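**Student:** generate a structure from the sequence data that follows.
(2 chains)
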Amino acid sequence: MLAFALQRTAQMALVIFGVITLTFFAIRLVPGDPARLMEPPGTPESVLDLTRQKLGTDKPLSRQYLDFLSQLARGDMGTSFRGGRPVASTVLESVPNTLALGAISMAITTLVAFPLGIAASRKPNGWLDRATLALSSIAQATPGFWLGVMLALLFAVNLRWFPAIGNAGWKSYVLPVATLVISLFPLQIRAVRQAFIETMGEGFVRAARARGLSERRLLGVHITKVAAIPLITIIGLQAGYVLGGAIVIESIFNWPGIGNLTLQAISQRDFPMIQGTVLITAVVFTLINFFVDLTYAALDPRVRLR
Amino acid sequence: MIADPTLPETTTVASSAGAGAQPSLRRLMGEIRQRKVATAGLLVFLAILLIALLAPLLAPHEPLKQNLGDNFLPPAWKDGGDWTYPFGTDPLGRDILTRLMYGARSSLIISIGAVFVGLAIGLVTGLVAGFYGGFLDTTLMRLGDIQLAFPFVLFAIAILAVSPNRTVWHLMAVLGISSWVIYARVVRSRVLSERNKDYARAAQAVGASRWRVLRRYVLPNVWQAMVPIALLNLAYFVVVESLLSFIALGLSPPNPSWGSIRADGRQYMMVDPWMALLPGFAIVITVLAIGLAADGFADILDPKLTQGAFQRQPLTSSMPDSTIAEESENDLLQVRNVCIDYPAKSGTVHAVRDVSLDVAPAEVVGIVGESGSGKSTLGLAIMQLLDAPGRVTDGALLFEGADLARASNKRMNQIRGRGIGMIFQDPGNSLNPVLTVGYQLAEVIRANRAASGDGIRTLARQSLAAMNIADPDRVLRAYPFQLSGGMQQRVMIALAMIAKPRLLILDEPTSALDVTTQAQLLAELESLRAEHRTSMLFISHDIALLAQIASRIVVMYAGQVIESGPRDTVVANPLHPYTRALIGAVERVDAAGEERLEAIAGDPPDLRIVQPGCPFAPRCPLVMDRCWTVAPPRIAREPGHEVACHLYESPGSKEIAA
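**Tutor:** Have a look, this model is predicted:
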């Protein structure tokens, strides 16, 4: 178990390092000069040079990269090209908003998807199963960014029930959470249904039934314990998606989270800010993967004791 | 395997995979036509694709032509709209319908192109990883893991954000690269499983090149598995592409795409909500259509997901009077004229046909037959554990006088385990993999109130010790996968014996074990029978094995009992040509000491067809004219020894009324 955790930690560090390195070079190697974007059009080249010096983009790439790494090692993520805010605090301020939105959405999704998926799996092709699948097919086909705007139009603009943008109290959560839940539940409900149907068909379930165990015991212990294992992966992927910043949903509702920040930074070519948000996203994502692996090992003795 | 492996509905996928060379893609397209919803989805998608491709011919206007005098016109069905612009115009006076059609063009072309990019990369990497293995395999798959370990969309956004001019090719490449891992994993696992199959090995052994084996055996199966995955991937790309356009990272303007029309509409949502709504609907319909088609294909490849595994349907018809009259105190189990069907689209499989047999207290009855003879199906039917859609359609299964086929679910649950226990062929798959042996034993002990408190552990240990398990404490702590096959099967028997059932059904309990373990298990079963007077119904394909343990033997062929009698007379004096062949096959193996060869020429009959005459006729060495047309009567030759064969119709024999 310890070796497993160590190996995973090393792997995580490697992934995070790879991601920040790739981002660093990718955003610098493609054309587009942040200095030019910052200054009004028609600014003379001499002024642009000064701006570049200030930003540090006049130095050779290798030098910029080494500076970036040594800064990072000291816990300094640099300052934003826009307004000079420190990246670290800006990014860290946005994290709780994203975590709250993501955690609430994931919790509701799981609370809906598990009971409904299990109920549907009890009678494949029955009315509940068909209705659930039809509903999830439609929800799956509805792009989140479109749905978000439609919900905002209906409930914020026309009915004025909830605010459309920002985070000002619980009412602000309703629309983004609803949008995220509708985007997340189809995949999860299908995964739950499939895992339970497949597990119900396993030989050990039939053998347990042949031993005269009650249906409640079969479902509650024998089927659930096995079917839950692959579902951890799905939940982990989805959690990574929302906690790493549901970029577009956050941008639609102008949610002060990490996804919105990322998108702004990209459009403004704010290099330090892009690096900062990508770093945080990568850390959150790999941490979730790590927890998924740990949970996997905890639930499945075949992984743990191999 | 859940049911008898010869039943067509459970093996369509498996058998076509085994055949390898079958044009499985064509078969898949043939089967999709029988599914209305999936076909509708496929047709809608093809229609949208056609509109997209023919947009230059079909569109009423030019997509980029501005007409500022006609801007913000409402759709035709609203006040002030007209049919010149059916869906109205945008702020620049461009026709929205035309822009939607051209938008479909870019959305779908990009998405389809991206699927092919991902598919191509995934196919090559998957094949290379699967075929060469080793370092290449590890590197490629680890690379994929790393890519999946990070939200690639974010990366795509970063790359696209800095590209000054985004063409169709950029988007295809970025989206395609994001998806290669899924394809590579499927291809790799297929290659690994297919190349180890006998036919692929045989082909390679006779000198077929690696790539020939690949093309002929591996790829057809890969294509088949790819269809639903690629469709879902396509639906996903349609959404992602529109999302990218929506955040102004799609095709560079002014080229329309659903996402960019949608984004244009956002700014004017208060004035003209249609502009924002329409492209959304276009995306929903397209993605829904693709999704439904994908579901249909996935269903065909894995029918279990719509069938379910176990849905018991008790018989509702009343029991035939003759059955009730026959009841006798002496017999524990009386199977009377039982018929079992598996309804299927390709024809109902009549797996068991009019079978009757008895098991007396403390008696061991052996059922022997090839796979597909219906012997396992019968065993499951007694437990009322047939997989859907199989069901008992006629007859009675009397256990201690009560009919199991007509019993309520509640009653049946009381009989399972306590009245009748069952041991299955594959012990590794019969124990819950994530629960310890101790937990599973304690659970059954509690369910039967056989002990409580500290007594549970003592009883669990005793029940393992009774199966000659030397170190019960270690086994109690172990998970099933940590035990050998023989040990797993001992645990299974211990689990079954806790409730002290009167009857134990054993379905090929030793077939997965080696010869030594098999002999030990048989000895243990015999001592169980002696100690607890447990009756046993022992199902096997091996008549030599049954001769060791059973006191009576029932021979099944094509769902029917063709011979039955006391072990000694059946083995020493087999009457039916099929039984003789079975025994002959055993003797030949003994003599040669080698693996069993095809004992009897020909194949078992198709159980979907009810033929007149004797089912064994096509393979029988002694076949006569009437065997083809008249069903053979059951004839008693010696006391208790019956045979269904025309050879024994003589004045001396006594015919038994069916």
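
**Student:** contacts and neighbour counts: CA atoms only from here.
**Tutor:** OK.

**Student:** quick one: buried residues of the longest helix belonging to chain B?
**Tutor:** Taking DSSP state H as the assignment, the helix of chain B that covers the most residues is helix B:96-132. Of the residues in helix B:96-132, those buried under the neighbour-count criterion (16 or more other Cα atoms under 10 Å in any protein chain shown) are B:96-131.

**Student:** same question, stretch A:292-303
**Tutor:** For stretch A:292-303, by 16+ other Cα under 10 Å, it's A:292-294, A:296-297, A:299-302.

**Student:** for that stretch, the averaged confidence score.
**Tutor:** Average pLDDT, stretch A:292-303: 84.

**Student:** what distance separates that stretch from the centre of its chain?
**Tutor:** Computed by Cα atoms, centre = their mean, to the nearest Å, the chain-centroid distance of stretch A:292-303 equals 22 Å.

**Student:** now look at it and say if it contacts chain B.
**Tutor:** Yes. Stretch A:292-303 is in contact with chain B by Cα under 8 Å from any Cα of the partner chain, via A:299-302.

**Student:** any residues touching that stretch, and which ones?
**Tutor:** By Cα atoms under 8 Å, 6 or more residues apart in numbering or on different chains, the residues outside stretch A:292-303 that reach it are A:225, A:229, A:232-233, A:236, A:304, B:433-434, B:479, B:481.

**Student:** then stretch B:351-358?
**Tutor:** So stretch B:351-358 is contacted by B:7, B:331-342, B:372-374, B:377-378, B:395, B:554, B:558-561, B:607 (Cα under 8 Å, 6+ apart).

**Student:** out of those, list just those in strands.
**Tutor:** B:333-342, B:395, B:554, B:560-561 (DSSP state E).

**Student:** on that earlier part again, same list (the residues of stretch A:292-303 next to chain B) but as a markdown table, adding distance to B:Val287.
**Tutor:** Shown next, in a markdown table, are these (distance: Cα to Cα, whole Å):
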| residue | distance to B:Val287 |
| --- | --- |
| A:Leu299 | 35 |
| A:Asp300 | 36 |
| A:Pro301 | 39 |
| A:Arg302 | 38 |
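
**Student:** which of those residues fall within helices?
**Tutor:** A:299, A:301-302.

**Student:** which residues does B:Lys36 contact?
**Tutor:** B:Lys36 neighbours (Cα under 8 Å, 6+ apart): none.

**Student:** how much space separates it from B:Pro343?
**Tutor:** Per Cα to Cα, to the nearest Å, B:Lys36 is found 20 Å from B:Pro343.

**Student:** please name the nearest non-neighbouring residue to A:Val278.
**Tutor:** With Cα to Cα, 6 or more residues apart in numbering or on different chains as the criterion, A:Val278 has its nearest non-adjacent residue at 7.0 Å, and that residue is A:Ile20.

**Student:** helix/strand/coil for that neighbour?
**Tutor:** At A:Ile20 the chain is in helix, as set by DSSP: H, G, I helix; E, B strand; the rest coil.

**Student:** distance to A:Asn158 for the ones in strands among the contacts of stretch B:351-358 - can I get that in a markdown table?
**Tutor:** Compiled in a markdown table, the ones in strands among the contacts of stretch B:351-358 are given as follows (distance: Cα to Cα, whole Å):
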| residue | distance to A:Asn158 |
| --- | --- |
| B:Leu333 | 72 |
| B:Gln334 | 73 |
| B:Val335 | 70 |
| B:Arg336 | 71 |
| B:Asn337 | 70 |
| B:Val338 | 67 |
| B:Cys339 | 65 |
| B:Ile340 | 62 |
| B:Asp341 | 59 |
| B:Tyr342 | 56 |
| B:Gly395 | 67 |
| B:Val554 | 77 |
| B:Gln560 | 72 |
| B:Val561 | 75 |
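
**Student:** how many neighbouring residues does residue 268 have?
**Tutor:** All of this is about chain A. 17 (other Cα atoms under 10 Å in any protein chain shown).

**Student:** wait, chain B was what I had in mind.
**Tutor:** 16.

**Student:** list the contacts for it?
**Tutor:** Per Cα under 8 Å, 6+ apart, neighbours of B:Tyr268: none.
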